[in-house]
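**Student:** Sequence and predicted structure are below.
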Amino acid sequence: MVLLGKHSRSSSGVSKKLETALFNKWYTVDKYRTADDMFAKVLKANRDTIHGYAREKFIWGDYSKYITNRVMNY
């Protein structure tokens, strides 16, 4: 739902804030330090077949960017 809301003009700001809060929780509380950990444990999808899950693939990419930006800006 957050993924779809990011592309809507009326809800993009709220969706981006929710996404950042969710990613922050995954990184700090749940200790998913890599996008692959999150993909397997939160989305419960097989990493070997990532191309078969379109939405999960976008979430994986966004979380990967989040981790990179968080580590580089630390």
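**Tutor:** Right, received. Where do you want to start? What you see is a predicted model; the values in this text were computed from it and never measured.
**Student:** contact partners of the longest helix belonging to the chain?
**Tutor:** Identified as the longest helix of the chain according to DSSP state H is helix 54-73. Applying Cβ atoms under 8 Å, 6 or more residues apart in numbering, the contact partners of helix 54-73 are 3, 19-20, 23, 26-27, 33-35, 38-39, 43, 45, 50-51. In short, each C-beta sits where N, CA and C put it, glycine included.
**Student:** average model confidence for it?
**Tutor:** Averaging pLDDT along helix 54-73 gives 90.
**Student:** Check which residues of that helix are buried.
**Tutor:** For helix 54-73, burial by neighbour count (16 or more other Cβ atoms under 10 Å) applies to 56, 59-60, 62-63, 66-67.
**Student:** Tell me the one of these nearest Ser11?
**Tutor:** Checking these against Ser11 with Cβ to Cβ, the nearest one is Asp62 at 16.2 Å.
**Student:** related to what we said a few turns ago, which among the buried residues of helix 54-73 gets closest to Arg9?
**Tutor:** Minimum distance to Arg9 across the buried residues of helix 54-73 is 18.9 Å, recorded for Asp62 (Cβ to Cβ).
**Student:** one step back: narrow the contacts of helix 54-73 to those that are buried.
**Tutor:** Using 16+ other Cβ under 10 Å, the buried ones in the contacts of helix 54-73 are 19, 23, 26-27, 35, 38-39, 43, 45, 50.
**Student:** any idea which of those residues is closest to Ser10?
**Tutor:** Ser10 has its nearest neighbour among these in Glu19, at 16.0 Å by Cβ to Cβ.
**Student:** Now the closest one: which helix or strand?
**Tutor:** Here Glu19 is covered by helix 12-28, with elements defined by DSSP states H and E.
**Student:** who touches that helix?
**Tutor:** Residues outside helix 12-28 that contact it (Cβ under 8 Å, 6+ apart) are 2, 5-6, 8, 32-33, 38, 42, 62-63, 66-67, 70.
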